[in-house]
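Enquirer: 3D, please:
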Amino acid sequence: MTRLPIGPLHYEFSRHHEPRVRVAAVVGLSMLSHDRASEALLRKVWDDPEAPYGARKAALRGLTAWRVTDAEKLLTSALELTVGRHTLASTALGLLMEQPGARAREMAVVYLAPGRPPRLRYAALQALERLAADDAALQDLIVPLAEDPDRNVRAHAWELIASHRIKKALPILEKRLRTEDFGFNADGRGLLESAVKALREPEPTPAVDPLADVRKQLDFMERQIREIRKRLDESKPE
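Expert: Okay, here's the model as predicted:
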């Protein structure tokens, strides 16, 4: 059996009639080393308005990861796209907010504001999960979201408040626990109760961890696994 080189094989799959196959091919190609032929293919996919959203998102991620010369321009223009209920724009926003700094904080303020498209708000919240770890100003942005009109935004905010142990949010969460209409959503109630419990507990006493290096390596591996799962999810047809 003759084996085709990876490049041509992915090129053929990118034209496959089955969207799932095309998306998977583009995701795979975006994870390979950068070369001119691969870049040309990803650009072709990105520029094709008829391509599956999953393929276009993977192409945008690949071009950004390869740091092509016009990556910033691609992301900025993608942020203006409204197709698929801002599915491409939300991917661009997440990529733009990957680097901590003043710009990421400014974008968090802008895109977390009520009235912004839900997908963009969710993307900004996901970015905050990483950015707010050592940034008190960004943590302050999370607190009012605990009472946001959007149920999904509220729930994500509760998680972030608990994970970052934002103590000033405790009165808000306690009030929310009394007034929130959970209906049949037992998971939502459990999430809020867990957040309140976490904030009521005293700060843990720092201790020397003999396995600190091992834990750091495991955390790094878990982040890689989440990224791989995210890319696999993107390979599913929209």
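Enquirer: Show me where this structure has its strands.
Expert: Counting by DSSP state E, the chain has no strands at all.
Enquirer: could you show me where the helices are in it, in order?
Expert: 6-14, 19-30, 36-47, 53-65, 71-78, 83-96, 102-111, 118-131, 136-142, 151-163, 170-179, 186-200, 212-234 (DSSP state H).
Enquirer: Kindly report which one of those carries the lowest mean pLDDT.
Expert: Across those, helix 6-14 has the smallest mean pLDDT, namely a mean of 53.
Enquirer: buried set for stretch 179-189?
Expert: For stretch 179-189, a neighbour-count test (16 or more other Cβ atoms under 10 Å) marks 180, 188 as buried. Backbone N, C-alpha and C define where each C-beta goes, glycine included.
Enquirer: Kindly report the same for stretch 53-69.
Expert: Residues of stretch 53-69 classed as buried: 53-64, 66, 68 (neighbour count, 16+ other Cβ under 10 Å).
Enquirer: and if you look at stretch 112-129?
Expert: Neighbour-count burial for stretch 112-129 flags 112, 119, 120, 121, 122, 123, 124, 125, 126, 127, 128 (criterion: 16+ other Cβ under 10 Å).
Enquirer: Just say which of the helices of the chain is most tucked in.
Expert: helix 53-65 (a mean of 24; mean count of other Cβ atoms under 10 Å).
Enquirer: just checking, what packs against that one?
Expert: In terms of contacts (3 or more Cβ pairs under 8 Å, 6 or more residues apart in numbering; DSSP states H and E), helix 53-65 is packed against helix 19-30, helix 36-47, helix 71-78, helix 83-96, helix 212-234.
Enquirer: Just give me how far that helix sits from the chain centre.
Expert: Helix 53-65 sits 14 Å away from the centroid of its parent chain (Cα atoms, centre = their mean, to the nearest Å).
Enquirer: how's the chain carved up into domains?
Expert: 1-85, 97-203 (automatic domain parsing).
Enquirer: which stretch among those domains comes nearest residue 225?
Expert: Taking Cβ to Cβ, domain 1-85 is the member of the domains of the chain nearest to residue 225, at 14.2 Å.
Enquirer: And the residue nearest the centre of this structure?
Expert: Residue closest to the mean C-alpha point of the chain, counted by Cα atoms, centre = their mean, is residue 126 at 4.9 Å.
Enquirer: Touching, it and residue 94? I think so.
Expert: Yes: when contacts are counted by Cβ atoms under 8 Å, residue 126 is listed as touching residue 94 (6.4 Å).
Enquirer: related to what we said a few turns ago, between the domains of the chain, which one is closest to residue 224.
Expert: domain 1-85 (11.8 Å).
Enquirer: roughly how far is stretch 49-60 from the heart of the chain?
Expert: Remark: stretch 49-60 is offset 17 Å from the chain centroid, using Cα atoms, centre = their mean.
Enquirer: and if you look at stretch 68-80?
Expert: The answer for stretch 68-80 is 17 Å, by Cα atoms, centre = their mean.
Enquirer: Check stretch 35-49 too.
Expert: Its chain's C-alpha centre and that of stretch 35-49 lie 23 Å apart, by Cα atoms, centre = their mean.
Enquirer: Kindly report the same for stretch 110-124.
Expert: Stretch 110-124 has its C-alpha centroid displaced from the chain centroid by 13 Å (Cα atoms, centre = their mean).
Enquirer: and what of stretch 124-138?
Expert: Centroid separation for stretch 124-138 versus its chain: 12 Å, with Cα atoms, centre = their mean.
Enquirer: and the gap between the residue nearest to residue 163 when sequence neighbours are not counted and residue 112?
Expert: Of all residues not flanking residue 163 in the chain, residue 129 sits nearest, at 7.4 Å (Cβ to Cβ, 6 or more residues apart in numbering). Separation of residue 129 from residue 112 (Cβ to Cβ, to the nearest Å): 13 Å.
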